[in-house]
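sequence unknown, structure follows:
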């Protein structure tokens with residue numbers, strides 16, 4: 001958790017920690033997040049493949065991002 005690393009997203013250390021904990025590679029991972037700054041921008045800046053979970057339809061005008069409004073839609077990006 002972020003408490004164990006003593007940082008919060010979008011700090012890259014939290015993404016390092018999560019990938020190491022999962023024994024996963026950045027280029028083989030997907031982050032699905034609902035916070036524009038911490039999840040989407042933080043993950044993108046870190047180099048992750050990111051899907052924005054736009055539950056409040058805040059970014060519905062953006063067409064050049066991977067975006068879903070419900071989790072069933074995630075499969076279109078897999």
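That came in fine, so what should we check first? Only a predicted model underlies this, so the values are computations on that prediction, with no experimental measurement involved.

Only C-alpha atoms from now on, for both contacts and neighbour counts.
OK.

Tally up the residues packed near residue 75, please.
8 (other CA atoms under 10 Å).

Next, it: phi, psi?
Dihedral pair for residue 75: phi -60, psi -20, per degrees, to the nearest 10.

residue closest to the middle of this structure?
residue 31 (3.3 Å; CA atoms, centre = their mean).

was I right about that residue contacting residue 53?
No - assessed by CA atoms under 8 Å, residue 31 is found out of contact with residue 53, at 9.8 Å.

my read: residue 38 touches residue 7, true?
No - taking contacts as CA under 8 Å, residue 38 lies outside contact range of residue 7: 11.7 Å.

helix or strand right after the longest helix anywhere in the chain?
Ordering each helix of the chain by length in residues (DSSP state H) puts helix 12-22 first. Past helix 12-22, further along toward the C-terminus, the next helix or strand under DSSP states H and E is strand 30-33.

rewinding a little: please work out which residues outside the longest helix of the chain touch it.
Defining contact as CA atoms under 8 Å, 6 or more residues apart in numbering, one finds that helix 12-22 is touched by 2, 5, 7-9, 25-26, 42-43, 46.

Drop anything exposed from those residues.
9, 26, 42-43, 46 (16 or more other CA atoms under 10 Å).

tell me which of the residues you listed is nearest to residue 66?
residue 43 (12.5 Å; CA to CA).

Please, which helix or strand holds the closest one?
Assigned by DSSP H and E, residue 43 falls within helix 42-46.

Just list what that helix packs against, helices and strands only.
On a contact count with 3 or more CA pairs under 8 Å, 6 or more residues apart in numbering; DSSP states H and E, helix 42-46 meets helix 12-22, strand 49-53.

and among those, the most buried is which?
When you average the neighbours per residue for each of the helices and strands packed on helix 42-46 (mean count of other CA atoms under 10 Å), strand 49-53 leads with a mean of 21.

Identify all contacting residues around that one.
So strand 49-53 is contacted by 27, 29-36, 39-40, 43-44, 65-71, 74 (CA under 8 Å, 6+ apart).

ok, now with 6 Å
Residues outside strand 49-53 that contact it (CA atoms under 6 Å, 6 or more residues apart in numbering): 30-34, 66-69.
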